[in-house]
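K.L.:
Mind looking at a prediction? Sequence and model below.
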Amino acid sequence: MSTLSTLIHITERIMFYVQSNVLVLVKFIPLYLIYELPLFLIITFGIIKWTKEKTRINNTKLFYLPKVSCVITCYAEGDAVKETIQSLVEQTYPGKIEIIAVIDGAVQNNHTYHVAKECKQLFKRKNREIVLLPKWQRGGRVSTLNAGLSYAKGEIIVNVDADTSFDNDMMANLVRLFEDPNVPAVGGALRVRNVNKTLWTRMQAIEYLISMQGGKTGLAQCNLINNISGAFGAFRRDFLKQIGGWDTHTAEDLDLTVRIKQYFKRYPNLKIPYATASIAHTDAPQSFKELVLQRLRWDGDLLFLYLRKHWPAFSPKLLGWKNFLFTLFYGYLQNVMLPFVIFVYFVGVAIIYPWQFSLALIFVIYALYLLTIGYFYLLVLVSVSERPKQDFTLFLWLPLYPIYAFIMRLVCCFALVNEVFRRSHEESSMAPWWVLKRGQKF
(Lines give C-alpha, C1' and ligand atoms only; values in the text may rest on other atoms or scores of the structure.)
Protein backbone atom coordinates (compact mmCIF):
# COMPACT_ATOMS: atom_id res chain seq x y z
CA MET A 1 0.00 0.00 0.00
CA SER A 2 1.37 3.44 -0.95
CA THR A 3 2.04 6.18 1.61
CA LEU A 4 -0.84 8.28 0.24
CA SER A 5 -3.26 5.34 0.44
CA THR A 6 -2.17 4.66 4.00
CA LEU A 7 -2.77 8.28 5.02
CA ILE A 8 -6.20 8.28 3.39
CA HIS A 9 -7.09 5.03 5.17
CA ILE A 10 -5.97 6.40 8.56
CA THR A 11 -7.88 9.65 7.97
CA GLU A 12 -11.04 7.74 7.09
CA ARG A 13 -10.76 5.66 10.27
CA ILE A 14 -10.24 8.79 12.40
CA MET A 15 -13.25 10.52 10.85
CA PHE A 16 -15.32 7.38 11.46
CA TYR A 17 -14.37 7.50 15.14
CA VAL A 18 -15.17 11.21 15.31
CA GLN A 19 -18.65 10.57 13.87
CA SER A 20 -19.42 7.44 15.85
CA ASN A 21 -18.08 8.75 19.19
CA VAL A 22 -19.14 12.37 18.97
CA LEU A 23 -21.12 12.16 22.23
CA VAL A 24 -18.13 10.71 24.05
CA LEU A 25 -15.87 13.40 22.63
CA VAL A 26 -18.26 16.14 23.76
CA LYS A 27 -17.80 14.95 27.37
CA PHE A 28 -14.24 16.25 27.24
CA ILE A 29 -15.25 19.77 26.19
CA PRO A 30 -17.17 21.15 29.24
CA LEU A 31 -13.99 21.43 31.35
CA TYR A 32 -12.46 23.60 28.65
CA LEU A 33 -15.57 25.77 28.50
CA ILE A 34 -15.92 26.08 32.28
CA TYR A 35 -12.32 27.14 32.70
CA GLU A 36 -11.67 29.19 29.56
CA LEU A 37 -15.06 30.78 28.91
CA PRO A 38 -14.90 33.36 31.77
CA LEU A 39 -11.47 34.53 30.60
CA PHE A 40 -12.74 34.48 27.01
CA LEU A 41 -15.65 36.79 27.93
CA ILE A 42 -13.60 39.14 30.15
CA ILE A 43 -11.05 39.78 27.41
CA THR A 44 -13.70 40.18 24.70
CA PHE A 45 -15.77 42.72 26.65
CA GLY A 46 -12.60 44.48 27.78
CA ILE A 47 -11.43 44.94 24.19
CA ILE A 48 -14.87 46.24 23.20
CA LYS A 49 -14.74 48.74 26.07
CA TRP A 50 -11.21 49.82 25.12
CA THR A 51 -12.24 50.30 21.50
CA LYS A 52 -15.01 52.67 22.56
CA GLU A 53 -12.62 54.64 24.77
CA LYS A 54 -9.82 54.79 22.20
CA THR A 55 -11.32 57.54 20.04
CA ARG A 56 -12.05 59.78 23.04
CA ILE A 57 -8.53 59.33 24.44
CA ASN A 58 -6.85 60.02 21.09
CA ASN A 59 -8.83 63.24 20.66
CA THR A 60 -7.87 64.54 24.11
CA LYS A 61 -4.94 66.95 24.10
CA LEU A 62 -2.03 66.06 26.38
CA PHE A 63 -1.41 68.73 29.05
CA TYR A 64 0.39 66.56 31.61
CA LEU A 65 4.08 66.75 30.63
CA PRO A 66 6.25 65.34 33.44
CA LYS A 67 9.94 64.64 33.06
CA VAL A 68 10.48 61.00 32.17
CA SER A 69 13.58 58.93 32.97
CA CYS A 70 14.21 55.88 30.79
CA VAL A 71 16.49 53.33 32.47
CA ILE A 72 18.09 51.12 29.80
CA THR A 73 19.50 47.86 31.16
CA CYS A 74 22.59 47.13 29.06
CA TYR A 75 24.76 44.05 29.31
CA ALA A 76 25.99 42.48 26.08
CA GLU A 77 23.69 43.97 23.42
CA GLY A 78 26.47 45.73 21.50
CA ASP A 79 25.29 47.77 18.52
CA ALA A 80 21.62 47.15 19.37
CA VAL A 81 21.90 49.79 22.11
CA LYS A 82 22.23 52.47 19.44
CA GLU A 83 18.80 51.74 17.97
CA THR A 84 17.23 51.77 21.44
CA ILE A 85 18.71 55.14 22.39
CA GLN A 86 17.90 56.67 19.01
CA SER A 87 14.25 55.58 19.18
CA LEU A 88 13.96 57.25 22.61
CA VAL A 89 15.63 60.47 21.46
CA GLU A 90 13.24 60.71 18.49
CA GLN A 91 10.04 60.51 20.59
CA THR A 92 7.39 63.08 19.66
CA TYR A 93 6.64 63.64 23.36
CA PRO A 94 7.16 67.41 23.98
CA GLY A 95 8.29 66.98 27.60
CA LYS A 96 11.80 66.23 28.87
CA ILE A 97 13.21 62.73 28.57
CA GLU A 98 16.27 61.58 30.53
CA ILE A 99 17.82 58.52 28.87
CA ILE A 100 20.00 56.59 31.32
CA ALA A 101 22.07 53.79 29.77
CA VAL A 102 23.25 51.63 32.68
CA ILE A 103 26.09 49.35 31.51
CA ASP A 104 26.25 46.28 33.76
CA GLY A 105 29.76 44.87 33.87
CA ALA A 106 31.25 47.63 31.74
CA VAL A 107 34.71 46.04 31.92
CA GLN A 108 33.56 42.80 30.27
CA ASN A 109 31.15 44.61 27.93
CA ASN A 110 33.47 47.26 26.60
CA HIS A 111 31.85 47.25 23.16
CA THR A 112 28.37 47.96 24.55
CA TYR A 113 29.84 50.72 26.72
CA HIS A 114 31.53 52.45 23.78
CA VAL A 115 28.44 52.20 21.56
CA ALA A 116 26.38 53.90 24.28
CA LYS A 117 29.13 56.49 24.74
CA GLU A 118 29.09 57.32 21.02
CA CYS A 119 25.31 57.80 21.17
CA LYS A 120 25.78 60.60 23.70
CA GLN A 121 27.70 62.58 21.07
CA LEU A 122 25.72 61.40 18.06
CA PHE A 123 22.12 62.04 19.17
CA LYS A 124 21.50 65.56 20.43
CA ARG A 125 18.05 67.07 20.61
CA LYS A 126 16.14 69.62 22.68
CA ASN A 127 14.61 68.20 25.90
CA ARG A 128 16.63 65.01 25.54
CA GLU A 129 19.50 64.12 27.87
CA ILE A 130 21.60 60.98 27.47
CA VAL A 131 23.34 59.79 30.64
CA LEU A 132 25.95 57.03 30.67
CA LEU A 133 26.09 55.08 33.95
CA PRO A 134 28.73 52.31 33.84
CA LYS A 135 28.71 49.63 36.55
CA TRP A 136 32.22 48.27 36.27
CA GLN A 137 31.48 44.99 38.08
CA ARG A 138 28.48 43.01 36.96
CA GLY A 139 25.69 42.85 39.51
CA GLY A 140 22.78 41.63 37.40
CA ARG A 141 19.57 43.08 36.07
CA VAL A 142 18.03 44.12 39.40
CA SER A 143 21.11 46.06 40.53
CA THR A 144 21.21 47.71 37.09
CA LEU A 145 17.61 48.88 37.38
CA ASN A 146 18.07 50.14 40.93
CA ALA A 147 21.25 52.00 39.94
CA GLY A 148 19.26 53.78 37.25
CA LEU A 149 16.43 54.48 39.69
CA SER A 150 18.82 56.02 42.22
CA TYR A 151 20.15 58.44 39.57
CA ALA A 152 16.87 59.22 37.78
CA LYS A 153 15.38 62.70 38.14
CA GLY A 154 12.14 62.11 36.25
CA GLU A 155 8.70 61.85 37.79
CA ILE A 156 8.01 58.78 35.65
CA ILE A 157 10.49 55.88 35.38
CA VAL A 158 10.42 53.68 32.27
CA ASN A 159 12.43 50.44 32.34
CA VAL A 160 13.77 49.46 28.94
CA ASP A 161 15.79 46.53 27.59
CA ALA A 162 18.76 47.47 25.42
CA ASP A 163 17.56 45.23 22.57
CA THR A 164 14.21 47.05 22.34
CA SER A 165 13.17 49.96 20.11
CA PHE A 166 10.01 52.07 20.08
CA ASP A 167 7.45 53.79 17.86
CA ASN A 168 8.02 57.53 18.06
CA ASP A 169 4.64 58.21 19.70
CA MET A 170 5.25 55.65 22.44
CA MET A 171 6.06 58.11 25.21
CA ALA A 172 3.14 60.47 24.50
CA ASN A 173 0.69 57.55 24.65
CA LEU A 174 2.34 56.16 27.78
CA VAL A 175 2.47 59.39 29.81
CA ARG A 176 -1.18 60.10 29.07
CA LEU A 177 -2.18 57.20 31.32
CA PHE A 178 -0.34 58.73 34.30
CA GLU A 179 -2.65 61.75 34.28
CA ASP A 180 -4.78 59.68 36.65
CA PRO A 181 -3.16 60.02 40.11
CA ASN A 182 -4.41 56.53 41.02
CA VAL A 183 -2.07 54.93 38.45
CA PRO A 184 1.24 53.82 40.05
CA ALA A 185 2.41 51.77 37.06
CA VAL A 186 1.62 51.05 33.40
CA GLY A 187 2.34 47.98 31.30
CA GLY A 188 3.90 48.64 27.88
CA ALA A 189 2.93 46.86 24.67
CA LEU A 190 5.50 44.54 23.09
CA ARG A 191 5.88 43.29 19.53
CA VAL A 192 8.34 40.81 18.04
CA ARG A 193 10.84 42.79 15.97
CA ASN A 194 12.46 39.82 14.19
CA VAL A 195 9.12 38.21 13.33
CA ASN A 196 10.13 36.86 9.90
CA LYS A 197 13.40 35.22 10.92
CA THR A 198 12.22 31.70 11.75
CA LEU A 199 9.13 29.61 12.43
CA TRP A 200 9.67 30.13 16.17
CA THR A 201 9.72 33.92 15.91
CA ARG A 202 6.48 33.80 13.91
CA MET A 203 4.84 31.67 16.60
CA GLN A 204 6.00 34.11 19.27
CA ALA A 205 4.70 37.03 17.18
CA ILE A 206 1.23 35.41 17.22
CA GLU A 207 1.61 34.74 20.95
CA TYR A 208 2.55 38.37 21.69
CA LEU A 209 -0.25 39.66 19.48
CA ILE A 210 -2.96 37.55 21.11
CA SER A 211 -1.84 37.30 24.73
CA MET A 212 -0.25 40.73 25.14
CA GLN A 213 -1.89 43.09 22.68
CA GLY A 214 -5.27 41.40 22.95
CA GLY A 215 -5.25 39.71 26.35
CA LYS A 216 -3.71 42.52 28.39
CA THR A 217 -5.77 45.17 26.63
CA GLY A 218 -8.94 43.35 27.66
CA LEU A 219 -7.81 42.46 31.18
CA ALA A 220 -6.63 46.00 31.92
CA GLN A 221 -10.19 47.28 31.59
CA CYS A 222 -11.01 45.18 34.67
CA ASN A 223 -7.71 46.05 36.41
CA LEU A 224 -6.56 42.43 36.18
CA ILE A 225 -3.10 42.65 34.58
CA ASN A 226 -0.85 40.01 36.15
CA ASN A 227 2.54 41.25 34.95
CA ILE A 228 4.23 44.46 33.80
CA SER A 229 6.85 43.36 31.29
CA GLY A 230 10.48 43.71 32.30
CA ALA A 231 11.35 44.73 28.74
CA PHE A 232 9.00 47.72 28.84
CA GLY A 233 7.14 49.07 31.85
CA ALA A 234 6.59 52.45 33.49
CA PHE A 235 6.24 53.55 37.13
CA ARG A 236 5.83 56.64 39.27
CA ARG A 237 9.27 57.24 40.78
CA ASP A 238 8.02 58.13 44.27
CA PHE A 239 5.79 55.06 44.46
CA LEU A 240 8.55 52.81 43.14
CA LYS A 241 11.02 54.08 45.74
CA GLN A 242 8.42 53.79 48.49
CA ILE A 243 7.99 50.07 47.90
CA GLY A 244 11.77 49.49 47.68
CA GLY A 245 12.40 49.46 43.94
CA TRP A 246 13.22 46.18 42.25
CA ASP A 247 14.05 43.17 44.42
CA THR A 248 16.79 40.57 44.08
CA HIS A 249 16.45 36.98 42.84
CA THR A 250 14.92 36.83 39.35
CA ALA A 251 11.74 37.58 37.34
CA GLU A 252 11.93 41.09 38.76
CA ASP A 253 9.03 42.23 36.58
CA LEU A 254 6.48 39.75 37.96
CA ASP A 255 7.90 40.20 41.46
CA LEU A 256 7.36 43.98 41.31
CA THR A 257 3.86 43.61 39.85
CA VAL A 258 2.86 41.21 42.64
CA ARG A 259 4.17 43.66 45.25
CA ILE A 260 2.25 46.56 43.71
CA LYS A 261 -0.98 44.57 43.67
CA GLN A 262 -0.62 43.85 47.38
CA TYR A 263 -1.77 47.46 47.91
CA PHE A 264 -5.02 47.02 45.97
CA LYS A 265 -7.23 46.09 48.93
CA ARG A 266 -5.97 48.95 51.13
CA TYR A 267 -6.13 51.46 48.26
CA PRO A 268 -9.07 50.27 46.12
CA ASN A 269 -8.71 53.12 43.61
CA LEU A 270 -5.25 51.98 42.48
CA LYS A 271 -5.10 50.53 38.98
CA ILE A 272 -2.53 49.29 36.48
CA PRO A 273 -3.51 50.20 32.89
CA TYR A 274 -2.05 48.69 29.75
CA ALA A 275 -0.61 51.12 27.19
CA THR A 276 -1.93 49.38 24.08
CA ALA A 277 -0.89 52.28 21.82
CA SER A 278 2.66 52.51 23.27
CA ILE A 279 4.53 50.07 21.07
CA ALA A 280 7.93 48.55 21.77
CA HIS A 281 9.71 46.14 19.43
CA THR A 282 11.96 43.44 20.89
CA ASP A 283 13.96 40.53 19.49
CA ALA A 284 12.51 37.10 20.30
CA PRO A 285 14.56 33.87 20.48
CA GLN A 286 15.14 32.59 16.95
CA SER A 287 16.00 28.95 17.59
CA PHE A 288 14.08 26.30 19.51
CA LYS A 289 16.98 25.93 21.95
CA GLU A 290 17.01 29.66 22.74
CA LEU A 291 13.23 29.67 23.14
CA VAL A 292 13.28 26.70 25.52
CA LEU A 293 16.00 28.27 27.66
CA GLN A 294 13.96 31.48 27.88
CA ARG A 295 10.77 29.67 28.88
CA LEU A 296 12.60 27.48 31.40
CA ARG A 297 13.61 30.70 33.12
CA TRP A 298 10.20 32.38 32.82
CA ASP A 299 8.12 29.41 33.96
CA GLY A 300 10.49 28.33 36.73
CA ASP A 301 10.61 31.88 38.08
CA LEU A 302 6.82 32.00 38.08
CA LEU A 303 6.56 28.99 40.41
CA PHE A 304 9.27 30.44 42.67
CA LEU A 305 7.45 33.77 43.03
CA TYR A 306 3.93 32.39 43.42
CA LEU A 307 4.59 29.40 45.66
CA ARG A 308 7.78 30.31 47.50
CA LYS A 309 8.42 34.03 47.79
CA HIS A 310 4.96 35.59 47.73
CA TRP A 311 2.64 32.85 48.97
CA PRO A 312 1.97 34.66 52.32
CA ALA A 313 0.68 37.66 50.32
CA PHE A 314 -1.76 35.54 48.35
CA SER A 315 -4.80 36.78 50.24
CA PRO A 316 -7.96 38.79 49.47
CA LYS A 317 -6.97 40.97 52.45
CA LEU A 318 -4.13 42.33 50.31
CA LEU A 319 -5.18 41.72 46.71
CA GLY A 320 -8.93 42.25 47.08
CA TRP A 321 -11.39 39.53 46.11
CA LYS A 322 -11.41 40.28 42.38
CA ASN A 323 -7.64 40.04 41.92
CA PHE A 324 -7.40 37.19 44.44
CA LEU A 325 -9.82 35.01 42.46
CA PHE A 326 -8.34 35.97 39.11
CA THR A 327 -4.79 35.22 40.31
CA LEU A 328 -5.96 31.92 41.78
CA PHE A 329 -7.53 30.70 38.54
CA TYR A 330 -5.45 32.40 35.87
CA GLY A 331 -2.17 32.81 37.73
CA TYR A 332 -1.66 29.82 40.01
CA LEU A 333 -3.90 27.19 38.40
CA GLN A 334 -3.36 28.15 34.76
CA ASN A 335 0.41 28.56 34.93
CA VAL A 336 1.37 26.09 37.65
CA MET A 337 -1.26 23.32 37.63
CA LEU A 338 -2.76 23.33 34.12
CA PRO A 339 0.45 22.27 32.27
CA PHE A 340 0.55 19.07 34.37
CA VAL A 341 -3.18 18.47 33.89
CA ILE A 342 -2.75 18.72 30.13
CA PHE A 343 0.29 16.41 30.15
CA VAL A 344 -1.36 13.75 32.33
CA TYR A 345 -4.59 14.03 30.35
CA PHE A 346 -2.94 13.35 27.00
CA VAL A 347 -0.81 10.51 28.37
CA GLY A 348 -3.89 8.98 30.03
CA VAL A 349 -5.99 9.18 26.86
CA ALA A 350 -3.17 7.59 24.83
CA ILE A 351 -2.91 4.68 27.29
CA ILE A 352 -6.61 4.05 28.04
CA TYR A 353 -8.29 4.50 24.66
CA PRO A 354 -7.69 2.95 21.23
CA TRP A 355 -5.33 4.95 19.06
CA GLN A 356 -8.12 5.84 16.63
CA PHE A 357 -10.17 7.41 19.41
CA SER A 358 -7.09 9.18 20.83
CA LEU A 359 -6.29 10.73 17.46
CA ALA A 360 -9.93 11.69 16.97
CA LEU A 361 -9.99 13.38 20.38
CA ILE A 362 -6.74 15.21 19.66
CA PHE A 363 -8.23 16.37 16.36
CA VAL A 364 -11.33 17.75 18.13
CA ILE A 365 -9.25 19.52 20.79
CA TYR A 366 -6.94 20.91 18.13
CA ALA A 367 -9.92 22.23 16.15
CA LEU A 368 -11.42 23.81 19.28
CA TYR A 369 -8.20 25.61 20.19
CA LEU A 370 -7.63 26.68 16.59
CA LEU A 371 -11.14 28.14 16.53
CA THR A 372 -10.48 30.02 19.77
CA ILE A 373 -7.10 31.32 18.61
CA GLY A 374 -8.57 32.29 15.25
CA TYR A 375 -11.33 34.27 16.97
CA PHE A 376 -8.91 36.20 19.18
CA TYR A 377 -6.55 36.79 16.29
CA LEU A 378 -9.34 38.34 14.20
CA LEU A 379 -10.63 40.34 17.18
CA VAL A 380 -7.18 41.83 17.82
CA LEU A 381 -6.58 42.39 14.11
CA VAL A 382 -9.80 44.37 13.72
CA SER A 383 -10.02 46.15 17.08
CA VAL A 384 -6.53 46.53 18.54
CA SER A 385 -3.74 46.17 15.98
CA GLU A 386 -2.12 49.39 14.77
CA ARG A 387 -0.45 47.39 11.98
CA PRO A 388 -3.26 45.20 10.60
CA LYS A 389 -1.59 44.63 7.21
CA GLN A 390 1.61 43.41 8.84
CA ASP A 391 -0.26 41.22 11.32
CA PHE A 392 -2.44 39.73 8.60
CA THR A 393 0.65 38.01 7.16
CA LEU A 394 0.62 35.76 10.25
CA PHE A 395 -2.76 34.33 9.29
CA LEU A 396 -1.28 31.43 7.29
CA TRP A 397 0.75 30.36 10.34
CA LEU A 398 -2.22 30.11 12.69
CA PRO A 399 -2.84 26.35 12.09
CA LEU A 400 0.56 25.63 13.64
CA TYR A 401 -0.06 27.71 16.74
CA PRO A 402 -2.02 25.10 18.80
CA ILE A 403 0.89 22.69 18.28
CA TYR A 404 3.36 25.39 19.38
CA ALA A 405 1.21 26.12 22.46
CA PHE A 406 1.17 22.41 23.40
CA ILE A 407 4.97 22.19 23.07
CA MET A 408 5.33 25.23 25.32
CA ARG A 409 3.07 23.54 27.90
CA LEU A 410 5.43 20.56 27.95
CA VAL A 411 8.41 22.89 28.36
CA CYS A 412 6.53 24.56 31.21
CA CYS A 413 6.07 21.20 32.96
CA PHE A 414 9.79 20.55 32.84
CA ALA A 415 10.57 24.10 34.03
CA LEU A 416 8.27 23.75 37.04
CA VAL A 417 9.74 20.39 38.03
CA ASN A 418 13.22 21.82 37.55
CA GLU A 419 12.41 24.69 39.92
CA VAL A 420 10.91 22.37 42.55
CA PHE A 421 13.90 20.04 42.73
CA ARG A 422 16.83 22.22 41.63
CA ARG A 423 15.73 25.79 42.57
CA SER A 424 16.52 26.81 39.01
CA HIS A 425 15.74 30.49 39.70
CA GLU A 426 19.19 30.60 41.32
CA GLU A 427 20.77 29.57 38.01
CA SER A 428 19.40 32.49 35.99
CA SER A 429 21.57 34.39 33.49
CA MET A 430 19.91 37.59 34.71
CA ALA A 431 22.48 37.94 37.50
CA PRO A 432 25.82 36.40 38.60
CA TRP A 433 25.56 33.36 40.84
CA TRP A 434 27.10 35.17 43.82
CA VAL A 435 24.30 37.79 43.70
CA LEU A 436 21.50 35.20 43.53
CA LYS A 437 23.05 33.00 46.22
CA ARG A 438 23.20 35.91 48.66
CA GLY A 439 19.51 36.64 48.23
CA GLN A 440 17.05 35.64 50.93
CA LYS A 441 15.97 32.00 50.76
CA PHE A 442 12.27 31.20 50.41
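P.N.:
Received it, and whenever you're ready, just let me know what you need.

K.L.:
Run through the helices of the stretch 201-350 of the chain in chain order.
P.N.:
217-220, 237-242, 252-261, 288-304, 316-319, 321-327, 338-352 (DSSP state H, counting those that start in this stretch).

K.L.:
between the last one and helix 288-304, how many degrees?
P.N.:
Okay, so that is helix 338-352. Calculated by axes from the mean of the first three to the mean of the last three CA atoms, to 10 degrees, helix 338-352 forms an angle of 110 degrees with helix 288-304.

K.L.:
for helix 338-352, the distance to its chain's centre please.
P.N.:
27 Å (CA atoms, centre = their mean, to the nearest Å).

K.L.:
swap in the first one?
P.N.:
For helix 217-220, the gap between its own C-alpha mean and the chain's C-alpha mean amounts to 13 Å (CA atoms, centre = their mean).

K.L.:
Same question for the third one.
P.N.:
In this view, helix 252-261 has its centroid 13 Å away from the chain centroid, taken as CA atoms, centre = their mean.

K.L.:
list the helices and strands it packs on?
P.N.:
helix 141-151 (3 or more CB pairs under 8 Å, 6 or more residues apart in numbering; DSSP states H and E). No exception for glycine: its C-beta is placed from N, CA and C like everyone else's.

K.L.:
coming back round to it: how about JSON lines for the helices of the stretch 201-350 of the chain, with distance to Asp163 added?
P.N.:
Rendered in JSON lines, the data for the helices of the stretch 201-350 of the chain read as follows (distance: least, CB to CB, whole Å):
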{"stretch": "helix 217-220", "distance to Asp163": "24"}
{"stretch": "helix 237-242", "distance to Asp163": "23"}
{"stretch": "helix 252-261", "distance to Asp163": "15"}
{"stretch": "helix 288-304", "distance to Asp163": "13"}
{"stretch": "helix 316-319", "distance to Asp163": "33"}
{"stretch": "helix 321-327", "distance to Asp163": "30"}
{"stretch": "helix 338-352", "distance to Asp163": "28"}
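
K.L.:
Can you report how many residues neighbour the closest residue to Tyr274 other than its chain neighbours?
P.N.:
Nearest non-adjacent residue to Tyr274, counting by CB to CB, 6 or more residues apart in numbering: Ala220, 3.7 Å away. Residues lying near Ala220 (other CB atoms under 10 Å) number 23.

K.L.:
closest to Leu410 out of the helices of the stretch 201-350 of the chain?
P.N.:
helix 338-352 (6.5 Å; CB to CB).

K.L.:
now the next helix-or-strand element following the closest one against helix 338-352, angle please.
P.N.:
Using DSSP states H and E, the helix or strand that follows helix 338-352 in sequence is helix 355-383. Helix 355-383 and helix 338-352 are oriented at 150 degrees to each other (the same axes, to 10 degrees).

K.L.:
mind listing what's buried in helix 355-383?
P.N.:
Neighbour counts over helix 355-383 (16 or more other CB atoms under 10 Å) mark 356-361, 363-365, 368-370, 373, 376-377, 379-381, 383 as buried.

K.L.:
same thing with stretch 259-279?
P.N.:
Result for stretch 259-279 [16+ other CB under 10 Å]: buried residues 259-265, 270-279.

K.L.:
What of stretch 156-168?
P.N.:
Buried-residue list, stretch 156-168, by 16+ other CB under 10 Å: Ile156, Ile157, Val158, Asn159, Val160, Asp161, Ala162, Asp163, Thr164, Ser165, Phe166, Asp167.

K.L.:
Over to stretch 173-185?
P.N.:
For stretch 173-185, using 16+ other CB under 10 Å, the buried residues are Asn173, Leu174, Val175, Arg176, Leu177, Phe178, Val183, Pro184, Ala185.

K.L.:
same check, this time on stretch 336-348
P.N.:
Across stretch 336-348, burial judged by 16+ other CB under 10 Å covers Val336, Leu338, Pro339, Ile342, Phe343, Phe346.

K.L.:
and that stretch, what's its mean pLDDT?
P.N.:
Averaging pLDDT along stretch 336-348 yields 83.
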